[in-house]
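# pasted the sequence and its predicted model underneath.
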Amino acid sequence: MIAQRTLKTLTKAVGVGLHSGQRVELTLRPAPPDTGIVFRRVDLAEPVEIPVTATSVTDTRLASTISHGKAKVHTIEHIMSACAGLGIDNLVIDITAEEVPILDGSAASFVYLLQSAGSVAQDAPRRFIRLLKPVEVREGEGRSLKWARLEPYHGFKLSFQIEFDHPAVSATGQAVEFDLGSGQYSREIARARTFGFTRDVEMMRSHGLALGGGLDNAIVLDDYKVLNADGLRYQDEFAKHKILDAMGDLYIVGKPLLAAYSAYRSGHAMNNQLLRALLAQPDSYEIVSFDKDSQAPKCFAQLAMSW
């Protein structure tokens, strides 16, 4: 049986929020089967639990934000990507502020945190959302066109094309494909950092955003070049970070997808629109589990064995 998984033991991290600049502590705790991933704002007078679901996303400007009542958690996509890449189903995340720490700007630190805690199989089948027919969302026309699509696939793969009119970005690979079945998430995707342009950072800071951002947790570009002394971690790091984000955004649906995702100039908003479009069409998917590992796509059987 492909079983649900949680952590063997709790693990902790401390960092600052990318936009708030606030110090924040995370405690990742094991959780029972069918809990899903739940954030808990323990800094509030009465702690508030915010389950991660497609409909709990209330803001997608610059990051994915979930809410319950007035309680919010911003920038959940990188830790969600790590959970998707490693196959963690059930987790309670205690957080002491309203933004997940940016750490090094990628998912690598979250991968390390999860791996250091270890994972354990639970006595419950892992449930998947299997695409039965394509679902797509589109916006704009011509140069403003952007779209994202899910199609049936016995596994999980992503392809993403970016388009930035910038010499440093244009010189890199702007189209990336990644199949979870490669077993290379931690090596090929997780280390890709978020990126920003100095002109945008200055504007955001004037609005109280990007206060925790810098060269140690993002790729920063001026009008011509990458400013980080060590350069890029991958030749196509910009596009790979979009794959990283998409994996996190899609895992917000609450179950792993059996699907092929493709996108052109998509982002957090369109990824969430895609999930909502999927859920609005019940005939476009089914919920499945696998009694035998041999029935499951290789990538998900491998995930269970890799721990």
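That came in fine, so what should we check first? Numbers count the residues shown, from 1 in each chain.
# contacting residues for the closest residue to Asp245 other than its chain neighbours?
Leaving aside its chain neighbours, Asp245 sits nearest to Glu77 (5.1 Å; criterion: C-beta to C-beta, 6 or more residues apart in numbering). In short, each C-beta sits where N, CA and C put it, glycine included. By C-beta atoms under 8 Å, 6 or more residues apart in numbering, the contact list for Glu77 reads Ala63, Ser64, Leu244, Asp245, Gly248, Asp249, His268.
# how about the CA coordinates for whichever strand or helix holds Ala82, as CSV?
If you go by DSSP states H and E, Ala82 is part of helix 77-86. Provided in CSV are the C-alpha atoms of helix 77-86 (Å, rounded to 0.1, in the frame of the first residue of the first chain):
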residue,chain,number,x,y,z
GLU,A,77,4.8,27.9,-1.0
HIS,A,78,8.4,26.9,-0.3
ILE,A,79,7.6,24.7,2.7
MET,A,80,4.6,23.2,0.8
SER,A,81,7.0,22.5,-2.1
ALA,A,82,9.3,20.6,0.2
CYS,A,83,6.4,18.6,1.6
ALA,A,84,5.3,17.7,-2.0
GLY,A,85,8.8,16.8,-3.1
LEU,A,86,9.4,14.5,-0.2
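# tell me which residues in that helix are buried?
Glu77, His78, Ile79, Met80, Ser81, Ala82, Cys83, Ala84, Gly85, Leu86 (16 or more other C-beta atoms under 10 Å).
# how does the chain divide into domains?
Using automatic domain parsing, the domain ranges for the chain come out as 3-124, 128-306.
# surely Arg276 is in a helix?
Yes. Arg276: assigned to a helix according to DSSP: H, G, I helix; E, B strand; the rest coil.
# measure how buried it is and give me the count.
14 (other C-beta atoms under 10 Å).
# could you list every helix and strand in contact with the longest helix belonging to the chain?
Taking DSSP state H as the assignment, the helix of the chain that covers the most residues is helix 237-251. The elements that helix 237-251 packs onto, with contact taken as 3 or more C-beta pairs under 8 Å, 6 or more residues apart in numbering; DSSP states H and E, are helix 77-86, strand 156-161, strand 175-179, strand 195-197, strand 257-264, helix 268-279.
# most packed of these?
helix 77-86 (a mean of 26; mean count of other C-beta atoms under 10 Å).
# quick check: mean pLDDT across it?
If you average the pLDDT over helix 77-86, you get 98.
# who are the contact partners of the residue nearest in space to the middle of the chain?
The geometric centre of the chain, computed from its C-alpha atoms, lies nearest to Gly248 (C-alpha atoms, centre = their mean), at 1.6 Å. By C-beta under 8 Å, 6+ apart, the residues touching Gly248 are Ser64, Ile76, Glu77, His78, Ile79, Met80, Ser81, Ala82, Ala84, Ala107.
# need the contact list for the first one.
In other words, Ser64. So Ser64 contacts Val57, Thr75, Ile76, Glu77, Met80, Gly248, Asp249, Ile252, His268, Asn271, Asn272 (C-beta under 8 Å, 6+ apart).
# can you add distance to Pro134 and give the residues you listed back as CSV?
Compiled in CSV, those are given as follows (distance: C-beta to C-beta, whole Å):
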residue, distance to Pro134
Val57, 22
Thr75, 30
Ile76, 27
Glu77, 24
Met80, 24
Gly248, 22
Asp249, 18
Ile252, 20
His268, 21
Asn271, 16
Asn272, 18
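# closest one of the residues you listed to Glu98?
Thr75 (9.5 Å; C-beta to C-beta).
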